[in-house]
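# I would like to see how this sequence folds:
(one chain, ligands or ions: 1)
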Amino acid sequence: MTDTPTQLFIGGSWLDAADGATMPVDDPATGEIIARVADAGAKDARLAEDAAVQAQEEWARTAPRARSEILRRAYEIILERTDELAHLMTAEMGKPLTEARGEVAYAAEFFRWFSEEAVRIDGGGGILPDGRNRMLLSRRPVGPCLLITPWNFPLAMGTRKIGPAIAAGCTMILKPAPQTPLSSLALAAILKEAGLPDGVLNVVTTSRAGEVCEPLLRGGRIRKLSFTGSTNVGRLLLAQSAEAVVRTSMELGGNAPFVVFEDADLDKAVDGAMLAKMRNMGEACTAANRFFVHHSVAEEFGRRLAERMGALVVGPGTQDGVDVGPLIDRTGRAKVEELVADAVERGAQVLVGGRAPEGPGCFYPPTVLTDVDSGSRLMDTEIFGPVAAILTFDDEDEVIRRANDTPWGLVGYVFTEGLDRALRVSERLEVGMVGLNTGLVSNPAAPFGGVKQSGLGREGGRVGIDEFLEYQYLAVPVR
Ligand code: NAP
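Coordinates of the predicted model:
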């Protein structure tokens, strides 16, 4: 960690903020400051924008194979440094080392995937119906991009955007979350080592997000915003993007239903629940937020889930054998405490957990609540913590209606052994992704994204690169 850069990365150089400002990075397991990084302001943002704009034309002309090979080299370097990157991520974000190693592999895979897509950017063409003109279609990079990422997957949320932007031939400014800047700075150093030309990627770490990003979005030189974060901030950024008609991709919040039918295999359902709820301590947009369990199996499902949740070891992510690290900060933990208190006040029973421990760090125990009232606040709020809230249902139509009764639509989970029901229910859920008898959907080769207020566009998969490309149509007379 001593070698991790702490300055801004602009035009291929490491720079202090113009006004010399720095900001602390805390370890959420101890509350201790582990580093100070540069805290960019509007002046630094302008410098990064100049670098991205200047580099765009030449970068767009680079051979796709050259762009592909830079990504492939970076993929290999990331994997070689798995341990180092995992420790860094655990230190600044808290997740257990085993999960951090998993995220490093997941993050690297976006670079491998998009290194393979860079050389498959297609065009098209043909003779137009009237026979007088030919149509030639080519695909061009959209131009300099602003990429804004959250703290919960510090490396993977970066590579999921940087990978396709590099593959498409776009330059970019990355603004990571202030809680987790170190992973992004380490990634920038890796891309430089892999041969990425100066100015293609610029990283501005800041505690002044609005001051840094708003002028970029309104200024007319940034052509694309790719944002991952909460729906409220996404909405604000969409409004700011409207003025200069900036193209946007939005990966926003979720409120995932997890539906267990009476014909489900309960072993699979409990395994799936552990994954869908406990990945990243529940701090995931894909986290199961509302468990709807058929009344005939609800008691057994709740008991088995509580047993598994209660057996998890809570502690600092760096310690061997720890399954559940701290939440990101005290605000995040206070929100979870308030949501649980509200549910209990409305009659929920606590099967396990439910009380934050004393002492330093932002720990919260794995918690299972049953008999949750559908008016509880956690039904329409992302819990973002290790709390499973169980409600019961009687029939299929009813549960689909309740699952869809939310402004969000990122992912849903369905557990049933009936093929017809599995397809029927999946098709009726208003979500961008469905986990059918599984609690994990994320994969770089699959299009990730939501409907309704969970976002616009898709990341990853064959379509992930489309978000960074524009069509140009050339009309050529047939002679
Ligand atoms: P957040 O508060 O919306 O912040 C996300 C990013 O936006 C951070 O870098 C943040 O920086 C920045 N930001 C906030 N206000 C801004 C502004 N006015 N201008 C420019 N940037 C601004 O979300 P979070 O708490 O970090 O992350 C959790 C949320 O992300 C959850 O809702 C989760 O569901 C969502 N998420 C979605 C996906 C997905 O793929 N759909 C994946 C992961 C997470 P500051 O903190 O400095 O404000």
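# so what's the gap between the helix or strand harbouring residue 174 and the chain middle?
Using DSSP states H and E, residue 174 sits within strand 172-175. In terms of CA atoms, centre = their mean, to the nearest Å, the centre of strand 172-175 is found 15 Å from the chain centre.
# which strands border it, and is each parallel or antiparallel?
Applying DSSP bridges to the sheet, strand 172-175 is found paired with strand 145-148 (parallel), strand 201-203 (parallel).
# just put those strands in JSON lines and tack on mean neighbour count.
Using the backbone N, CA and C atoms, a C-beta is placed for each residue, glycine as well. Output for those, formatted as JSON lines (neighbours: other CB atoms under 10 Å):
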{"stretch": "strand 145-148", "mean neighbour count": "26"}
{"stretch": "strand 201-203", "mean neighbour count": "28"}
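# of those, which is nearest residue 282?
Residue 282 lies closest to strand 145-148 among these, at 22.5 Å (CB to CB).
# check which helices and strands whichever helix or strand comes after that closest one sits against.
Downstream of strand 145-148, the first helix or strand assigned by DSSP H and E is helix 156-168. For helix 156-168, the packing partners by 3 or more CB pairs under 8 Å, 6 or more residues apart in numbering; DSSP states H and E come out as helix 64-80, helix 97-117, strand 145-148, strand 172-175, helix 181-193, strand 224-228.
# how about CSV for these, with distance to residue 16 and mean pLDDT added?
Below are the helices and strands packed on helix 156-168 laid out as CSV (distance: least, CB to CB, whole Å; pLDDT from 0 to 100):
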stretch, distance to residue 16, mean pLDDT
helix 64-80, 25, 98
helix 97-117, 27, 98
strand 145-148, 22, 99
strand 172-175, 17, 99
helix 181-193, 13, 98
strand 224-228, 26, 98
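# would you list these in a markdown table and tack on distance to the ligand?
Putting the helices and strands packed on helix 156-168 into a markdown table (distance: least, CB to the nearest ligand atom, whole Å) gives the following:
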| stretch | distance to the ligand |
| --- | --- |
| helix 64-80 | 19 |
| helix 97-117 | 12 |
| strand 145-148 | 5 |
| strand 172-175 | 6 |
| helix 181-193 | 10 |
| strand 224-228 | 5 |
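# hmm, back to that, which among the strands paired with strand 172-175 is found nearest to residue 394?
With CB to CB as the yardstick, what comes closest out of the strands paired with strand 172-175 is strand 145-148 (42.8 Å).
# now could you export just the CA positions of the closest one as PDB?
Provided in PDB are the C-alpha atoms of strand 145-148 (Å, rounded to 0.1, in the frame of the first residue of the first chain):
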ATOM      1  CA  CYS A 145     -16.500  10.700 -21.100                       C
ATOM      2  CA  LEU A 146     -17.100  11.400 -17.400                       C
ATOM      3  CA  LEU A 147     -17.300   8.200 -15.400                       C
ATOM      4  CA  ILE A 148     -18.600   8.400 -11.800                       C
END
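# contacts for that strand?
By CB atoms under 8 Å, 6 or more residues apart in numbering, the surrounding residues in contact with strand 145-148 are 52, 158, 161-162, 165, 170-175, 209, 213, 216-217, 222-229, 237, 468.
# give me the residue from the protein nearest the ligand.
Residue of the chain nearest the ligand, by CB to the nearest ligand atom: residue 229 (2.6 Å).
# list the contacts of the nearest residue to residue 192 once chain neighbours are set aside.
Of all residues not flanking residue 192 in the chain, residue 12 sits nearest, at 6.7 Å (CB to CB, 6 or more residues apart in numbering). Residue 12 is in contact with 51, 192, 197-199, counting by CB under 8 Å, 6+ apart.
# repeat that for residue 101.
Remark: with contacts taken as CB under 8 Å, 6+ apart, residue 101 is in contact with 82-83, 86.
# 10 Å instead, please
Shown in contact with residue 101 (CB atoms under 10 Å, 6 or more residues apart in numbering): 82-83, 85-87, 89-90, 95.
# and it, how far is that from residue 74?
In this view, residue 101 and residue 74 are 18 Å apart by CB to CB, to the nearest Å.
# ok so, going back, nearest to residue 461, of the strands paired with strand 172-175?
For residue 461, the closest of these is strand 145-148, at 18.0 Å, according to CB to CB.
# return the distance of the closest one from the chain's centre.
How far strand 145-148 lies from its chain's middle: 14 Å, per CA atoms, centre = their mean.
# repeat that for stretch 180-195.
Between the centre of stretch 180-195 and the centre of its chain there are 18 Å (CA atoms, centre = their mean).
# C-alpha coordinates for it, CSV please?
Taking Å, rounded to 0.1, in the frame of the first residue of the first chain, the C-alpha atoms of stretch 180-195 are listed here in CSV:
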residue,chain,number,x,y,z
THR,A,180,-12.6,4.5,-1.9
PRO,A,181,-10.2,6.5,-4.1
LEU,A,182,-7.1,4.3,-3.6
SER,A,183,-8.4,1.3,-5.8
SER,A,184,-9.0,3.7,-8.7
LEU,A,185,-5.6,5.3,-8.4
ALA,A,186,-4.0,1.9,-8.3
LEU,A,187,-5.9,1.0,-11.4
ALA,A,188,-4.7,4.1,-13.2
ALA,A,189,-1.1,3.2,-12.4
ILE,A,190,-1.7,-0.3,-13.9
LEU,A,191,-3.2,1.1,-17.1
LYS,A,192,-0.2,3.5,-17.5
GLU,A,193,2.1,0.5,-17.0
ALA,A,194,0.1,-1.4,-19.6
GLY,A,195,0.8,1.3,-22.1
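# which among the contacts of residue 12 gets closest to residue 184?
Closest to residue 184, out of all of the contacts of residue 12 and judged by CB to CB, is residue 192, at 12.9 Å.
# residue 9 is in contact with the closest one, correct?
Yes - Residue 192 lies in contact with residue 9 (CB atoms under 10 Å); the separation is 7.8 Å.
# now the common contact residues for these two.
Contact with both residue 192 and residue 9 is made by residues 198, 201, according to CB under 10 Å, 6+ apart.
# quick one, which of those two is more surrounded?
Set residue 192 next to residue 9 and count neighbours by other CB atoms under 10 Å: residue 9 wins out with 27 against 19.
# that one against residue 205, yeah?
Yes - counting by CB under 10 Å, residue 9 does reach residue 205; the two are 8.9 Å apart.
# how about the residues of the stretch 351-479 of the chain by the ligand?
382, 410, 455 (CB under 6 Å from any ligand atom).
# which bits of the stretch 1-150 of the chain sit near the ligand?
So the stretch 1-150 of the chain meets the ligand at 148-150 (CB under 6 Å from any ligand atom).
# 5 Å instead, please
148, 150 (CB under 5 Å from any ligand atom).
# ok, residues contacting the host helix or strand of residue 36?
Assigned by DSSP H and E, residue 36 belongs to strand 33-38. Strand 33-38 is contacted by residues 1-2, 4-10, 14-27, 44, 88, 91-92, 176, 178, 181-182, 184-185, 203-207 when judged by CB under 10 Å, 6+ apart.
# got a PyMOL select line for the buried ones in these?
Restricted to buried positions by 16 or more other CB atoms under 10 Å, the PyMOL selection for the contacts of strand 33-38 reads:
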select buried, resi 4+5+6+7+8+9+10+14+15+17+18+21+22+23+25+26+27+44+88+91+92+176+178+181+182+184+185+203+204+205+206+207
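# coming back round to it: can you add pLDDT and secondary structure and give the residues of the stretch 351-479 of the chain next to the ligand back as JSON lines?
Shown next, in JSON lines, are these (pLDDT from 0 to 100; DSSP: H, G, I helix; E, B strand; the rest coil):
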{"residue": "382", "pLDDT": "97", "secondary structure": "coil"}
{"residue": "410", "pLDDT": "98", "secondary structure": "coil"}
{"residue": "455", "pLDDT": "97", "secondary structure": "strand"}
